[in-house]
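**Q** quick one, structure for this:
(4 chains)
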Protein chains: 2
Amino acid sequence: MTAIRGARERARNEITAAIKDEARRQLAAEGAAKLSLRAVARELGMVSSALYRYFPSRDDLLTALIVDAYNAVGEAAETARSALTGADARRPVARWTAVCSAVRTWALAHPHEYALIYGSPVPGYTAPRTTTEPAARVGLALIGVVREAYAAGALKEPAEPLPDAVVGDALALGAELGVELPGAVLARLVGAWAQLFGLVSFEVFGQFNRVIEARSEFFEQSVLQLAHSVGLTTHRERRTAR
Amino acid sequence: MTAIRGARERARNEITAAIKDEARRQLAAEGAAKLSLRAVARELGMVSSALYRYFPSRDDLLTALIVDAYNAVGEAAETARSALTGADARRPVARWTAVCSAVRTWALAHPHEYALIYGSPVPGYTAPRTTTEPAARVGLALIGVVREAYAAGALKEPAEPLPDAVVGDALALGAELGVELPGAVLARLVGAWAQLFGLVSFEVFGQFNRVIEARSEFFEQSVLQLAHSVGLTTHRERRTAR
DNA sequence: TCCCGCGCAAGAGCACTGCTCTCGCTTTGG
DNA sequence: CCAAAGCGAGAGCAGTGCTCTTGCGCGGGA
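**A** I've put the predicted structure just below:
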């Protein structure tokens, strides 16, 4: 990203990365609760106090890992959105399920990192400002899919009216994001976003144990239903955008 | 529940309850991460080692609190299900939203306890067998609402077919629970169950900050949509059960 | 009624944690 | 070339979960 000035700054970046890597390893191995600064330092062959030159506190280390995790899911979602080829690339529902499945796959592969960002907020919390932008990436990917569908005329606005307050919030959100979608669609999109993570969390956190066995099929099915609920149509409809 | 034999056992129960109460207070105040056996003991005027006579480890204390929390939400859901009066009592959708709102209200009132059960699994985990039964109560309340609707002919089976594996899981679950509902309905019910907690978790964990302001209306709306997705009908339909 | 045993609290202690402060060494930029 | 800033090492503080040993006192059987 930014140019590296001298050898000192270069070393600092390397050590910072090494600390995060080792911390991520411990996170994956034992979970956030067991992540210990001293153990990280020990594994890296340095003394614990030296680590404080790089992260002022344990919570700051965790915050760095949180940001990385948000970016990792976000990137998974974004590449899934633009990686479809052939006929599927044009079908909004296929893109929708691709994004959702990418989130699920990442979560199952990195359960502890997932728990870090979509589980209980760990410390006395209040998420720092720096996390909000990476945290929005998955939501933005979903919005992107729906925008494409809307532009292509493959979006069927829901018939049932929504309360004014809800539509108002949705429109405000759309304005803030520079997205020109109907309020009702945006509102359902936010709902689907939250519900998607309900499905993923239940699976990752083991709530589906002894309840659902065919988890992939179940997820695919549920996510398809979510796509319909925001107005994505399975079969292309003749309808002009705008 | 069980008869109290002697004064000794009586005292033991009282102290156990006092420990859990104090632990719950600390949980509510600072969160699960900050819950400390020593602090609980200190507050109760005893020494930390004495506490181990009642709970063999910190995780055991947490497990006890988890069971209590599951029972608390479960009870909130159950009373909401059967507390409706007048015309609402007959409308399945009203009961459905009542149950969902009860869960949300409880979660917002007890965020840390909620995080304990529906957030990240805390220790090396693997939930003890004793937690599974209380954990099912909310789900069972939702199933109960749908069963009543089914019996009253107020349930419209979804038209779209589901994958066989999903229906199979749903039927197995229904058999295990002794519930005679169509597989497709049960499958969507499980999905709605997970998605409900997605909505609640996002609100409790602050993911809706700066996104949704009219949270109650939004929740109500989303939950209504979930009701429809499992087949509950807003307006009574003439249709014979079975 | 006595009295022995069991349940219990207390205290010391171990290994660990996050975090602070000081002390020197090394690198760096003016 | 030299002061200043960055850095690692070590000691130390307060706190944690958990274990072990030591006694005290209450309760139920004789």
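**Q** where in chain A is pLDDT low?
**A** For chain A, the stretches with pLDDT under 70 are A:1-5, A:122-127, A:235-242.
**Q** that one: helices as residue ranges?
**A** Ranges of helices in chain A, per DSSP state H, are A:7-30, A:37-43, A:48-51, A:58-82, A:92-109, A:111-118, A:129-135, A:137-151, A:164-177, A:183-204, A:215-230.
**Q** can I get those helices in CSV including distance to B:Arg81 and mean neighbour count?
**A** C-betas here are computed from N, CA, C, even on glycine. Shown next, in CSV, are the helices of chain A (distance: least, C-beta to C-beta, whole Å; neighbours: other C-beta atoms under 10 Å in any protein chain shown):
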stretch, distance to B:Arg81, mean neighbour count
helix A:7-30, 40, 15
helix A:37-43, 48, 16
helix A:48-51, 52, 14
helix A:58-82, 36, 19
helix A:92-109, 31, 21
helix A:111-118, 28, 23
helix A:129-135, 35, 14
helix A:137-151, 33, 21
helix A:164-177, 25, 18
helix A:183-204, 20, 24
helix A:215-230, 24, 21
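**Q** need these in TSV with distance to B:Thr105, can you?
**A** Output for these, formatted as TSV (distance: least, C-beta to C-beta, whole Å):
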stretch	distance to B:Thr105
helix A:7-30	34
helix A:37-43	39
helix A:48-51	43
helix A:58-82	29
helix A:92-109	28
helix A:111-118	22
helix A:129-135	26
helix A:137-151	26
helix A:164-177	18
helix A:183-204	17
helix A:215-230	24
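**Q** let's have the ones you listed in CSV, adding distance to chain B.
**A** Output for the helices of chain A, formatted as CSV (distance: least, C-beta to the nearest C-beta, whole Å):
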stretch, distance to chain B
helix A:7-30, 8
helix A:37-43, 15
helix A:48-51, 20
helix A:58-82, 11
helix A:92-109, 12
helix A:111-118, 4
helix A:129-135, 8
helix A:137-151, 8
helix A:164-177, 4
helix A:183-204, 2
helix A:215-230, 4
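**Q** looking at these, which is nearest to B:Arg12?
**A** Judged by C-beta to C-beta, the one of those that comes nearest to B:Arg12 is helix A:7-30, at 34.2 Å.
**Q** which residues sit against that closest one?
**A** Here helix A:7-30 makes contact (C-beta atoms under 8 Å, 6 or more residues apart in numbering or on different chains) with A:4, A:34-36, A:39-40, A:43-44, A:51, A:54-55, A:61, A:64-65, A:68, A:110, A:112-113, A:116, B:124.
**Q** near DNA strand D, list only the ones from those.
**A** Residues of the contacts of helix A:7-30 in contact with DNA strand D (C-beta under 7 Å from any atom of the strand): A:Tyr54.
**Q** near DNA strand D, which residues of chain A?
**A** So far as C-beta under 7 Å from any atom of the strand goes, chain A lies against DNA strand D at A:Arg8, A:Ala11, A:Arg12, A:Ile15, A:Gly45, A:Met46, A:Val47, A:Ser48, A:Ser49, A:Ala50, A:Arg53, A:Tyr54.
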